[in-house]
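Chemist: Predicted model follows, preceded by the sequence.
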Amino acid sequence: MPELLEVETVRRGLLTHAVGRTIKQAEQLHPRALNPRSIGKLQSIEGARILDIRRRGKFLWFVLNRPEVIAAHLGMSGQFLINPVDDRHTRAKFRLRKGLKNSELHFNDQRTFGWVSIEEIADGVPTSVLSIAPDIFEDSYDQKSVISDIQRRNIAIKTAILNQNIVSGIGNIYADESLWLAKVHPEKRANEMRSAEVERVLESAKEVMAKAIEVGGTSFDELYINVNGESGYFDISLNAYGQEDEPCPRCGKLIRRIKFANRSSHFCPKCQKI
């Protein structure tokens, strides 16, 4: 499943391949491609020019020279691809033009959990994103408020940083990696943590995710590729996630995996004591 880093990689690719282009034609090719809450059909944005690509957490949106935007969520397997050779899983298609150059932007989604939507902007974001908290890389992110929010909650710290209403964009992979770097057990109660300890977790998340962005995200699934068709490869640098029974790079103790809220959690039992 694409996480924030994969979505940011896609956003950067779209800045190169979509910004400045005019949408000459927009087609919905699958009944679930368009979010039911969309205020219009895809054809309604034909003739619009793409001015920018923005992101919050795992949500993307295309800023147009109109009041509306094209919002998108990649779901489990969504991809934006430029001129793909294989279009079997194309769910929506946009024909773009800049000068005499034409291209096709495909929203490809094999598992059909992703969507695109025509939306209005409120408080600087599409309406579907209003309930999502700013992520660590946004200018509007307020770390002191996030720390206070986390400390008020009688939940595991990993549950807290996965909560998209507290801080968006941290998925299971990067939660494990951030907690490993911060030397914090995933099941430690958030309301029992000191401010400095919570801050260390959040700073670790920012460090891990910034490194991942630079190398194109983390891909364990051949479905994830960026707009150029290249797969992410940060998985070679993971220290905890997916490393069950491998030695901890820091102390040599074997990494453990436990069940955690209908998913798995990986940690070092020596470095990350509860």
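Modeler: Noted; the coordinates are in hand.
Chemist: what are the bridge partners for residue 94, then?
Modeler: Counting by DSSP bridges, residue 94 is bridged to residue 26, residue 105.
Chemist: Look at it and report its pLDDT.
Modeler: Note on residue 94: pLDDT of 97.
Chemist: Around it, how many other residues sit close by?
Modeler: Per other CB atoms under 10 Å, the neighbour tally for residue 94 reads 24. The C-beta positions use only the backbone N, C-alpha and C, and glycine is treated the same way.
Chemist: now swap in residue 101 and tell me
Modeler: 8.
Chemist: if I look at it, how far off is residue 274?
Modeler: Using CB to CB, to the nearest Å, residue 101 is found at 57 Å from residue 274.
Chemist: For the helix or strand of the chain with the lowest mean pLDDT, what is the distance to the chain centroid?
Modeler: Within the chain, no helix or strand scores below helix 4-17, which has a mean of 86 by mean pLDDT, DSSP states H and E. Counting by CA atoms, centre = their mean, to the nearest Å, helix 4-17 is centred 10 Å from the centre of its parent chain.
Chemist: residue contacts, the residue nearest the centre of the chain?
Modeler: Geometric centre of the chain, nearest residue: residue 4, 2.2 Å, by CA atoms, centre = their mean. Applying CB atoms under 8 Å, 6 or more residues apart in numbering to residue 4 gives the contacts 55, 57-58, 135, 168-171, 174, 209.
Chemist: State the pair within the residues you listed that is farthest apart.
Modeler: Farthest apart among the contacts of residue 4 by CB to CB are 55 and 174. That separation is 15.3 Å.
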